[in-house]
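> Need a 3D model of the sequence below.
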Amino acid sequence: MTPLEQVARLLLAAALAGLIGWERETTRRPAGLRTHVLVGVGSALVMLVSQEMFLQYFQDDQFSRADPGRIAAQVVSGIGFLGAGTILREGATVRGLTTAASLWVAAAIGLAVGAGAFLGALVTTAVTLTALVVLGRLERRSRLKERQRLLRIRLEDRPGQLAAIVTPLAQHQVNIRQVEMNPTSREDEVELELVVDLPRGLDPLHLADAVGRVPGVRALELENGD
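Presented below is the predicted three-dimensional model:
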C-alpha cells in the first residue's frame, strides 16, 4: 500500500465518522464531531498498522498462521469504555445510549475503511445517518401522543429561579422527567432544559405563556420532546 493510499483511507474514515459526529453535535450530545472523527481515524490507523505488521513481519513460514486482525479486534472491545462515558442516568431515565452506539459504529467504519472495505463503510454510514436523522424524527413524532415536550428556558442567574419555574408547572400538573442547567455566553444568564410530560387537555401554548410570565425569564422554547 502506497503512502498516498494510506492517507486517503485515513481521510475517508475521518469524513465518514465525522458525518455521524456532526449529527450528534447538532443535537448537543456528549460525544460530537471531534470525538467521532478521532474514533474513526484512530480505528482506521489501527487496521492499517495491523495490515502493515502482517505484511512486514509475518511472511515467514513460522508465522503463516498469524492473524492480522488481532490488534484491530481490540478496538471493538476497547471502544466500550469510551461509549460508557457518554451514558448518563438521571433518575429513572438513561441518556446517551444512542451516542454510545454511534461511537461503536464509527469505530467499525474506521476499521472497514482501513481494511479497504469501502462499500461496507459507505453503506454503514448511510444506514447510521438514516437511523439517527429519519428514525429520530419518527420517534419524536410518536412522542406527541405521549405529550412529551422539551422546554428550553433562558433566564437570569439568581437564587430561587428554579423553584419559580417549577411552580407554574406544578400548578398545571406537569410531570418533570429531566432537568439540565447549562451556562450561556452571558455571565448573568443560564439555560434551563426540562423534559416534561403534559397532562391531557393542557394546551402547550397555555403552559408556555404561564412559564413566560415568571420574573427573570428572557426567552422560552417549547419543542416536541428530545
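> Tell me where the model's unsure across this protein.
30, 56-69, 83, 85-95, 139-146, 224-226 (pLDDT under 70).
> How are the strands of it distributed by residue range?
Assigned strands in the chain, in chain order: 88-90, 93-95, 148-156, 175-183, 189-197, 217-223 (criterion: DSSP state E).
> how close does the residue positioned nearest the centre of the chain sit to Arg152?
Centroid check for the chain by CA atoms, centre = their mean gives Thr99 as the closest residue, at 3.5 Å. Separation of Thr99 from Arg152 (CB to CB, to the nearest Å): 19 Å. To be clear about C-beta, it is placed using only N, CA and C from the backbone, and glycine gets the same treatment.
> cool, and Glu23?
As judged by CB to CB, Glu23 and Arg152 stand 19 Å apart.
> In terms of neighbours, single out the busier of those two.
Remark: of Glu23 and Arg152, Glu23 carries more neighbours, 20 against 17, as counted by other CB atoms under 10 Å.
> wait, the more buried one sits on Leu129?
Yes. Counting by CB atoms under 8 Å, Glu23 touches Leu129, with 6.4 Å between them.
> give the contact list for the nearest residue to Ile79 once chain neighbours are set aside.
Nearest in space to Ile79, with sequence neighbours left out and distances taken as CB to CB, 6 or more residues apart in numbering, is Ala107 at 4.4 Å. Each residue near Ala107 by CB atoms under 8 Å, 6 or more residues apart in numbering is listed here: 39-40, 43, 75-76, 79.
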